[in-house]
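**Q** Sequence first, then the predicted structure, then my questions.
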Amino acid sequence: MSWTDERVETLKKLWGEGQSASQIAKELGGVTRNAVIGKVHRLGLSNRATAAGAKAEPKAKPAPKPKAEPRPSPKTEAARPITPNSPAAGNRPNIPARKQIIPAGQPLPPQPSANEISPEALAKVNEVEKGSKKISLMELTERTCKWPVGDPATEDFWFCGLPVQSGKPYCEAHVGVAFQPMSARRDRRR
């Protein structure tokens, strides 16, 4: 089917009368509803007047969007007064850091070195890992230590598997490494 000048004029007339694309397709014959819609858009007829007999319903106005505050330029930022909650006062919003996702087979980021973990905790972890159950991911339960050992991209990767400390995901030795008091971590960074 081709769009002859006569068929296009019929389409324009019926569209202007407010007929639906399905009704126009039936009237023209040999054309689908979607073909009518496509031709209407190509002709630029998509805004049509309502039919004389049809009652125009008023459309609800969309709620006005709240205007976003414009970001200040560095010049206007310096001129702003510092309020207790402004970023210039040192109060940054509490935005959690994104977790780094490392694809399988890629090297792991540097792990805490021995001087970042207390020697006592490190010795205890080394001793515990020698006697750990070395279980796989599928063998983990709520009662087994979930401390990972090794590189997940290799065959030598395993979980501790010893009984967990109450309320924690790790055994006693791994809790000592994972949950350190804040002051102890600060002292090691100096």
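**A** Arrived safely, thanks for sending.

**Q** Give me the helix or strand of the protein that scores worst on average pLDDT.
**A** helix 74-79 (a mean of 52; mean pLDDT, DSSP states H and E).

**Q** show me where the chain has strands.
**A** Secondary structure of the chain by DSSP state E: the strands cover 148-149, 158-159.

**Q** now Leu14, nearest residue through space, not along the chain?
**A** Using Cβ to Cβ, 6 or more residues apart in numbering and skipping residues adjacent in sequence, the residue nearest Leu14 is Ile24, 4.7 Å away. C-beta coordinates here come from the backbone N, C-alpha and C atoms, glycine included.

**Q** Quick check, pLDDT for that neighbour.
**A** Listed pLDDT for Ile24 reads 91.

**Q** Also the one 5 residues further on?
**A** Listed pLDDT for Gly29 reads 89.

**Q** any idea how far Val36 is from it?
**A** 11 Å (Cβ to Cβ, to the nearest Å).

**Q** Give me the more crowded residue out of those two.
**A** Neighbours were counted for Gly29 and for Val36 using other Cβ atoms under 10 Å; Val36 has more, 23 against 8.

**Q** For the closest residue to the more buried one other than its chain neighbours, grab the count of nearby residues.
**A** Once flanking residues are discounted, Val36 sits nearest to Ala21: 4.3 Å by Cβ to Cβ, 6+ apart. As a burial measure, Ala21 scores 20 neighbours (other Cβ under 10 Å).

**Q** again, but for Ala153
**A** Residues near Ala153, counting by other Cβ under 10 Å: 14.

**Q** my guess is Glu129 contacts Val149, does it?
**A** Yes. Glu129 lies in contact with Val149 (Cβ atoms under 8 Å); the separation is 6.2 Å.

**Q** what's the distance between the residue lying closest to Gly161 once chain neighbours are set aside and Thr141?
**A** Excluding its sequence neighbours, the residue lying closest to Gly161 (Cβ to Cβ, 6+ apart) is Lys133, at 3.2 Å. As judged by Cβ to Cβ, Lys133 and Thr141 stand 11 Å apart.
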